[in-house]
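Colleague: Show me the folded form of this:
(one chain, ligands or ions: 2)
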Amino acid sequence: MTFLLLENLVKEFVGRGGEGIVRAVDQANIVIEEGEFVTLLGPSGCGKTTTLRLIAGFEFPTEGRIVLDGEEINQQPPNQRDMAMVFQSYAIFPHLNVFENIAYGLKIQRLGKKVIQEKVRQVLELTELTGLENRPPNALSGGQQQRVALARALVMEPKVLLMDEPLSNLDAKLREIMRTEIRRIQQTLGITSIYVTHDQIEAMTLSDRIVVMNEGRIEQIGPPPEIYRRPKPPLWPTLSAAPIL
Ligand SMILES: Nc1ncnc2c1ncn2[C@@H]1O[C@H](COP(=O)(O)OP(=O)(O)OP(=O)(O)O)[C@@H](O)[C@H]1O
Ligand SMILES: [Mg+2]
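Modeller: Ligands and ions are numbered 1, 2, ... in the order given. Got it, this is the predicted structure:
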């Protein structure tokens, strides 16, 4: 069943240097099922982040519709959309410890102390951060910080988890470990996830389906083996370096 629908989605910006209108997203159509892991893949500037920000509600579409669970959410502010986003820069609070960082959103919702403790405990376990509750972020490794960012999103039990290049600040080895971790957590929870990357191998290993974008347009949508075996030109050349699935 369709869970999240992007219909003829268009986003135009006034060019940064005053150079007219930039069509960052151009007539995008994507149908996402509940529990799916979908990756937006494409080169820098192709409109991946803008698409994700439209879904999250940090931007509003110039044209088209976004429908979540049967309800059009075009005009809803981010905090009403029941989604959570993980950023490349982690965006965790430096002055709060791990527990406080993860509990932050729940406190704003004014949940009871016991409920908060239990929810945080569960998500610490899921992200394998148990024992690090009292650490400040500057005493964590990059991978641990990214786990905190993920835990902070997951603890809100969002309908949709959005991730914008969450691993690009990590070294290659850690990136590989975290890739497996993200997939394991996503499968454990069955949470509908949209992931943005320009890394083809990351997209191939994580996703149920890949959406290939180029210059704001969707070039191709399909499961990884299909994208790998029958890439629609113009897919950029490094794809041949990807492992055979
Ligand atoms: N607020 C804005 N104002 C003007 N132009 C913008 C704005 N945000 C994005 N753009 C333009 O829209 C296009 C798509 O940008 P976007 O950030 O979505 O790309 P991306 O695929 O996420 O790229 P990257 O891989 O580099 O993060 C680019 O040409 C960008 O310059
Ligand atoms: Mg981006």
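
Colleague: what's the burial count for Gly42?
Modeller: 27 (other C-beta atoms under 10 Å). Backbone N, C-alpha and C define where each C-beta goes, glycine included.

Colleague: Before we move on, what's the pLDDT of the closest residue to it other than its chain neighbours?
Modeller: Using C-beta to C-beta, 6 or more residues apart in numbering and skipping the chain neighbours, the partner closest in space to Gly42 is Met213 (3.6 Å). Met213 is assigned a pLDDT of 96 by the prediction.

Colleague: And for Met213, the neighbour number?
Modeller: The burial count for Met213: 25, using other C-beta under 10 Å.

Colleague: Could you pull up the contacting residues of it?
Modeller: 28, 40-42, 46-48, 51, 219 (C-beta atoms under 8 Å, 6 or more residues apart in numbering).

Colleague: so Ile73 sits right up against Gly57, yeah?
Modeller: Yes. Ile73 lies in contact with Gly57 (C-beta atoms under 8 Å); the separation is 7.3 Å.

Colleague: intersection of neighbour lists for the two?
Modeller: Contacts common to Ile73 and Gly57, judged by C-beta under 8 Å, 6+ apart, are 80-81.

Colleague: Would you mind finding the longest helix in the protein?
Modeller: For the chain, the longest helix by residue count, based on DSSP state H, is helix 172-189.

Colleague: Pull out the buried residues from that helix.
Modeller: Of the residues in helix 172-189, 174-175, 178-179, 181-183, 185-186 count as buried by neighbour count, 16 or more other C-beta atoms under 10 Å.

Colleague: Check which helices and strands the helix or strand following it is in contact with.
Modeller: Scanning forward in sequence from helix 172-189 by DSSP states H and E, the next helix or strand is strand 192-197. Packed against strand 192-197 by the contact rule (3 or more C-beta pairs under 8 Å, 6 or more residues apart in numbering; DSSP states H and E) you find strand 2-14, strand 21-33, strand 37-41, helix 48-56, strand 160-164, helix 200-206.

Colleague: deepest of those, which one?
Modeller: Mean neighbour counts were compared across those using mean count of other C-beta atoms under 10 Å; the top stretch is strand 37-41, at a mean of 25.

Colleague: neighbouring strands for that strand, and are they parallel or not?
Modeller: strand 192-197 (parallel), strand 209-214 (parallel) (DSSP bridges).

Colleague: picking up where we left off before, among the buried residues of helix 172-189, pick out the one closest to Val86, please.
Modeller: The shortest approach to Val86 among the buried residues of helix 172-189 belongs to Ile182, at 9.1 Å (C-beta to C-beta).

Colleague: Could I get the contacting residues of the closest residue in space to that closest one that isn't next to it in sequence?
Modeller: Leaving aside its sequence neighbours, Ile182 sits nearest to Leu206 (C-beta to C-beta, 6+ apart; 6.7 Å). For Leu206, the contact set (C-beta under 8 Å, 6+ apart) comprises 37, 39, 179, 182-183, 195.
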